[in-house]
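Engineer: Sharing a model that was predicted from the sequence below.
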Amino acid sequence: MRVVVQRIVSENAIGCIFSGTVEDEEHPRHGTRIRIRALSKVLPGVPSIGELWEVEGDFQTSKYGEQMEASRCIRRKSSGRLIQDFIAGQVPGIGPERARRLWAAFAEDGHDLGAILSSEENVPRIAAALDGDRPVMALRLAAMAVGAWKQAAAEVATVEWLDARGVDSLRFARRLMRILGSDAVAHLEANPYSLVALAEWPKVDLLGRRVLGEAGITDPRSDRRRLVGAVDAVVKARIAEGGHTMIDPDALRAEVAKRLGATPDGELVSTAVEAGVRNGAVLPDEDGFRFPGCALMEDAVSAMLARIQAAGAMPSRSELKAFQKGSLVETGSLHPEQILAVLRILANPVACLQGGAGVGKSYTTKVICAAWEALGGSVVLTALSGKASLRLSRASGRLAKTLARLLAELEQRRKLEAEIHDAEPGRVREIEAALKDLAALEDRTLLVIDEASMVDLSTLYRLLQHVPETAKLLLVGDDAQLPPISFGLVYHRLVEDPAITARLTVVHRQTEASGIPAVAAAIRNRAWPAFSPYAGLADGVSLVEAGVDEIAATVEKVASDLGGFEGSDLLIVTATNEGPAGVSTLNRLFQRRRVDEENLACVKGHLGEWFSSGDPCIHLRNDYSLALFNGSMGRVVSADERARRVVARFDEREITFSAEGPSDPDASEGSLIDIALAYAVTCHKCQGSQAERIIVPVYRTVLLNPAWLYTAITRAEKQVVLIGDPEAIQIALTRPWASEARKVGFRWPPMPSA
């Protein structure tokens, strides 16, 4: 009999129990729901809800009622969703409805739709199915469909293969094809668990067990490929969700057990961990298991820093004495603590300048730059965000660039310098002219990285590959901040070394009790801050009490008091993406109000958001080709509804983002999936950004800790208004610092073997 799967009751190494509705009209049980138990040896793959299976067997009575003990199971058809979406998107004029008609006309009657579309002889039949009421247009569409299907032969094979195994996401299928190319099917048949990097574990595991079952594996659940895939899935999740680069043994076993549906101390998990080690999914270490890609970068960064520290430029003893006497640069306005900091930094090729808000890091950096230039060196300044680099430029009196822009220029310089050796004379002149406009790191260059505590491992790894060993490196930051958005933890480990770290502690600005530096210092010491009464537009830090359901309305009122998003430099920093005071709620609130009041054109993004001219936006990933980081802030300048395209300005550059993404890989365009509204952002996302005035909803969530509060408050230049529950702040002050929870394998100084 033929059964449409309705529910998966249970599934393990032995087999699967599922229930479904009998579809055969002539069968006595037609329309009734039956329960089927199928052992792995008769089950070629794993059933999915909505699939049609042909089953044979005897009915027996069990403690759960009547149940078929299957002796034969064959999948007859998939849901067809993936193929329908592919057809709808492949041929202009064939939308979702006509694609559904095609599927209903052929596949649901047992025909192979792919075979039908592969032959011109079937054009009349295809046309009739597409639109029998408009035969001329239908014939044209049918001919186009056959042509497109044959032209996309490699894609078609992959789509059909995935569709037959329950995959129904066309976006996922196309992403897979971009990465694996025409060999996608062969690659997946060899190891379906290689998809772990591209999709969530439940989806990968369902497909993987199905593919292994079809290949004749009697127990897909204990197959080596699945076990290693589970370890890979844990590594992927730990990097993405916590920024970790290694894991404790007990945590690894627990996380693997969740994915395998096993017990942490069981044999299956032990076998999986051993297989993960043998296959290089994790690397054993004295403190746990390191993640291979992260470990490579951590060890390389540690080694590169050690080489700079050993060979980098540094002044002579007489030059350091000249600075102390004030004959090298003017030092009269420096605090004694700052003078000692400058001396320590000048004496170390790799150095850190650590300090909280208001302690004079910017002015101290300016003096260091002046002293280094007086000694004959050059200076390159960089910061994570456009606003931070502008602030650094103003404070130092020197041009500062964003890290993304600096990296893009250094990589472009490397390409041009490699090209110039074999170039024609005319091209040589072009290259030489281009090189003059690009940043350069030379033997006696001091590279200053501001807000270095927010720089992730992969970015620092890329940057250090451009730094000569005889240069000098200064990382300026604050270890009380949240760790980087992306994975790794370098600055927080470097500042633990007193030999290379200068610490500033004396506050030099906004010394009143309710000023931002004073409130930040209180939080740093886990003390209750002295808030100023809320009085609308005013400098300082205030607390407005509100219940969690009142926060959104209170935020809206306070935002209006402070000049709104168009009248002032304003940002909302909140803890969670969802909930009554989360990012999504607040972004919808402010965006819809603007659209309604101004009747603006809107473009729908991929994440359920709408974009209109004037909306603040944020970039969601590192994209070095666009010189944008995860957390780069911008503003939409235009929105084209018909083309589903928006133009946004980031650091005075206008970049186009479209629904389909860039048609040319080399084009300076992005995809709408990579941007989001930014009336409100999470604290992690805004780490590299600042605004004159910040509104901070505070409510009870496990995400609130001292580093979260400290980072949110120090994003503001003039004013902070916290809105919500005072007790949530008290609880947050008792929790561990965020950087303490991140487990990393970076070591400084490096191990002797490095």
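Structural biologist: Looks like it came in fine. This structure is a prediction, so every number in the text was calculated from the model and none was measured.
Engineer: can we go C-alpha only for contacts and neighbour counts from here?
Structural biologist: Will do.
Engineer: residue closest to the middle of the chain?
Structural biologist: Arg621 (5.2 Å; CA atoms, centre = their mean).
Engineer: Who are the contact partners of it?
Structural biologist: Neighbouring residues of Arg621 by CA atoms under 8 Å, 6 or more residues apart in numbering: 628-631, 674.
Engineer: Equivalent analysis for Ala275, please.
Structural biologist: Counted by CA under 8 Å, 6+ apart, Ala275 has contacts 224, 227-228.
Engineer: I'd like the next helix or strand past the helix or strand in which it is found.
Structural biologist: According to DSSP states H and E, Ala275 maps onto helix 267-278. Once the chain leaves helix 267-278, the next helix or strand it forms, by DSSP H and E, is strand 283-285.
Engineer: That following strand pairs with which strands, and in what direction?
Structural biologist: Using DSSP bridges, the strands paired with strand 283-285 are strand 288-290 (antiparallel).
Engineer: Please, where are all the strands along the stretch 451-600 of the chain?
Structural biologist: 472-477, 501-504, 540-545, 570-574 (DSSP state E, counting those that start in this stretch).
Engineer: Go through these and name the closest to Arg165.
Structural biologist: Of all the strands of the stretch 451-600 of the chain, strand 570-574 sits nearest to Arg165, with 40.8 Å by CA to CA.
Engineer: Output that closest one as PDB, nothing but the C-alphas.
Structural biologist: Taking C-alpha atoms only, strand 570-574 is exported to PDB below (Å, rounded to 0.1, in the frame of the first residue of the first chain):
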ATOM      1  CA  LEU A 570      21.100  58.200  18.500                       C
ATOM      2  CA  LEU A 571      21.400  54.400  18.900                       C
ATOM      3  CA  ILE A 572      19.400  51.800  21.000                       C
ATOM      4  CA  VAL A 573      21.600  49.100  22.400                       C
ATOM      5  CA  THR A 574      19.600  46.100  23.700                       C
END
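Engineer: Please compute how far it lies from its chain's middle.
Structural biologist: Using CA atoms, centre = their mean, to the nearest Å, the mean C-alpha position of strand 570-574 is found 20 Å from that of the whole chain.
Engineer: Which residue ranges of the stretch 551-700 of the chain form helices?
Structural biologist: Secondary structure of the stretch 551-700 of the chain (DSSP state H, counting those that start in this stretch): helices at 551-561, 564-567, 583-598.
Engineer: out of those, which comes closest to Ala310?
Structural biologist: Comparing the helices of the stretch 551-700 of the chain by CA to CA, helix 583-598 comes nearest, at 46.4 Å.
Engineer: just how off-centre is the closest one within its chain?
Structural biologist: Relative to the chain's own centre, helix 583-598 is displaced by 24 Å; criterion: CA atoms, centre = their mean.
Engineer: got it, and stretch 222-241?
Structural biologist: 18 Å.
Engineer: Run through who's touching that stretch.
Structural biologist: 13, 191, 193-194, 196-197, 200-201, 205, 208-209, 217, 220-221, 244-245, 252, 255-256, 259-260, 268, 271-273, 275-276, 279, 281-282, 291, 486-487.
Engineer: Buried subset of the residues you listed as a ChimeraX selection?
Structural biologist: Applying 16 or more other CA atoms under 10 Å to those, the buried members can be selected in ChimeraX as follows:
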select :191,193,194,196,201,205,208,209,217,220,221,244,245,252,255,256,259,260,268,272,273,275,276,281,282,291,486,487
